[in-house]
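Visitor: pasting the sequence and the predicted coordinates here, then a few questions.
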Amino acid sequence: MKQVRLGNTDTFVPAVAVGVMRLGDKPAAQAQAVVENALAHDVNFFDTADIYAQGRSSIKLGQALQDAGVERDKIFIQSKGGIILANGQVDGDGWQGPRYDFSKSHLIAAAEAELKRLQTDYLDVFLLHRPDTLMDPEQVAAAFRELKDAGKVKHFGVSNMNPWQVELVQAALDEQLVANQLQFGIMHTGMIDADLHVNMTDAAATNRDGGILAYSRVKHMTIQAWSPFQYGVFQGPFIDNPEFADVNAKLQDLADKYGVTKNTIAVAFITKHPANMQVVIGSMTVDRAAEMMAIDGFELTNQEWYDIYLAAGNLLP
Ligand SMILES: NC(=O)c1ccc[n+]([C@@H]2O[C@H](COP(=O)([O-])OP(=O)(O)OC[C@H]3O[C@@H](n4cnc5c(N)ncnc54)[C@H](OP(=O)(O)O)[C@@H]3O)[C@@H](O)[C@H]2O)c1
């Protein structure tokens, strides 16, 4: 499995990670199969969050990792905190939102609750899930320092933040943020559209993320692409969807050429980008996930990459 450097650290992680947002309500046997399938493909990086299925996803993941008998230092577990749902967590932490909460006490409690659900002593990475406009960066820094000093978290990152929001948090920290998790996939390429259409007057020129792609490369922050198979926000997968016939035809051509499937090519489109992104796949179907992990052994040419981009309905200025 292709490896990418995690932020500016000396740690290398697989270019494909398994996200468990959709695991919470699946049977235990399926959770077990998802974990074992990932490990069999050298995908040893698991992404969760305290809010996924109100905590049930992390509980399922933690149990499946226990049942797999995998040594803790052979895997990476990443979780996120900072969102409080309207209906709180399933295991009764008493929190009630909806709001974002980057207070020191909440961030520490959120990370500690995840350790319990995941049956582990530490998180490899803890992300701030979504920007809290009421945040005090000093509170974030104090939470991170306490979690780090207690050995409960190794690295920290953010999610859904633009460059100045990253800078705001970073300015208070004494260590570098390693990752920013952002929606990205063939049917969600805003970061690239804006980069290609700089200073043009068409809709693709709209800069919605403040230039996060180039910023992340300059700062050596790993972009983790969430929902890589969805169009819109959780509207459904674009693969085999007749609404996206052109891009499916192009993906099929390339799948035939390289002896893989459309699912593989859709992941390779992301890993081809020199930003060295990590793709957080969310499939809970073992065969499909295996196809998404089969990215080694071929590389799309630059022309093929642009052909996919254009077949997805984008234009080059
Ligand atoms: N930081 C954030 O704000 C944020 C937000 C959302 C998600 N995430 C992370 O990103 C991870 C992935 O998100 P996601 O689950 O939306 O990812 P996804 O991989 O884009 O979508 C997975 C879903 O689409 C279905 N699917 C995917 N490819 C398919 C295909 N070729 N044919 C039919 N169905 C297909 C899967 O069904 P099957 O299970 O049957 O394969 C599953 O229901 C999450 O688990 C989470 O870790 C982060």
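Guide: Sure thing, it's come through. A quick note: this is a predicted structure, and the numbers were derived from the prediction, not measured.
Visitor: what residues does the helix or strand hosting residue 114 touch?
Guide: Here residue 114 sits within helix 104-118, counting by DSSP states H and E. When contacts are defined by CB atoms under 8 Å, 6 or more residues apart in numbering, helix 104-118 is touched by residues 48, 50, 55, 58-59, 61-62, 65, 77, 79, 81-82, 84, 89, 91, 93, 95, 101, 121-123, 126, 128, 139-140, 142-144, 146-147, 152-153. For the C-beta atoms, the positions are set from N, CA and C on the backbone; glycine is no exception.
Visitor: same deal with stretch 296-306?
Guide: 1-2, 254, 258, 260, 265, 268-269, 272-273, 308, 316.
Visitor: do the same with stretch 205-218
Guide: Against stretch 205-218 from outside (CB under 8 Å, 6+ apart): 161-164, 166, 180, 182, 190-195, 197-199, 221-223, 274-275.
Visitor: touching the ligand at all, the following helix or strand past the helix holding residue 114?
Guide: The helix or strand immediately downstream of helix 104-118 is strand 123-128, counting by DSSP H and E. No: judged by CB under 6 Å from any ligand atom, strand 123-128 stays clear of the ligand, getting no closer than 7.1 Å.
Visitor: the stretch 151-300 of the chain: strands as residue ranges?
Guide: Along the stretch 151-300 of the chain, the stretches classed as strands by DSSP state E, counting those that start in this stretch are 153-159, 179-183, 222-226, 278-281.
Visitor: what parts of the protein come near the ligand?
Guide: By the rule CB under 6 Å from any ligand atom, the part of the chain lying against the ligand is 19-22, 47, 159-160, 181, 226-230, 237, 239-240, 263, 280-285, 288.
Visitor: return the members of those residues classed as buried.
Guide: Buried by 16 or more other CB atoms under 10 Å: 19-21, 47, 159-160, 181, 226-230, 237, 239, 263, 280-284, 288, out of the residues of the chain next to the ligand.
Visitor: which ones among those lie within helices?
Guide: If you go by DSSP state H, those have 263, 288 in helices.
Visitor: contact partners for the closest residue to residue 234 other than its chain neighbours?
Guide: In this structure, residue 234 finds its nearest non-sequential neighbour in residue 227, 6.8 Å apart by CB to CB, 6 or more residues apart in numbering. Residues near residue 227 by CB under 8 Å, 6+ apart: 183, 185, 188, 233-234, 280, 282.
Visitor: swap in residue 159?
Guide: 80, 127-130, 180-182, 224, 226.
Visitor: ok, now residue 94?
Guide: Applying CB under 8 Å, 6+ apart, we find residue 94 in contact with residue 88.
Visitor: check the closest residue to the ligand within the stretch 151-300 of the chain and give its pLDDT.
Guide: Closest to the ligand within the stretch 151-300 of the chain is residue 282: 1.9 Å, counting by CB to the nearest ligand atom. We have a pLDDT of 98 for residue 282.
Visitor: pretty sure it sits against residue 237.
Guide: No: assessed by CB atoms under 8 Å, residue 282 is found out of contact with residue 237, at 9.7 Å.
Visitor: now list whatever residues contact both of those two.
Guide: residue 229.
Visitor: where do the helices of the chain begin and end?
Guide: Under DSSP H, the chain gives helices at 28-40, 56-68, 104-118, 137-149, 163-170, 190-196, 212-219, 245-258, 262-271, 286-292, 302-311.
Visitor: out of those, which is the most enclosed?
Guide: Of the helices of the chain, the one with the most neighbours on average (mean count of other CB atoms under 10 Å) is helix 262-271, at a mean of 24.
Visitor: follow-up on the earlier one: export the contacts of residue 159 to TSV and tack on pLDDT?
Guide: Shown next, in TSV, are those (pLDDT from 0 to 100):
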residue	pLDDT
80	98
127	99
128	99
129	98
130	98
180	98
181	98
182	98
224	99
226	98
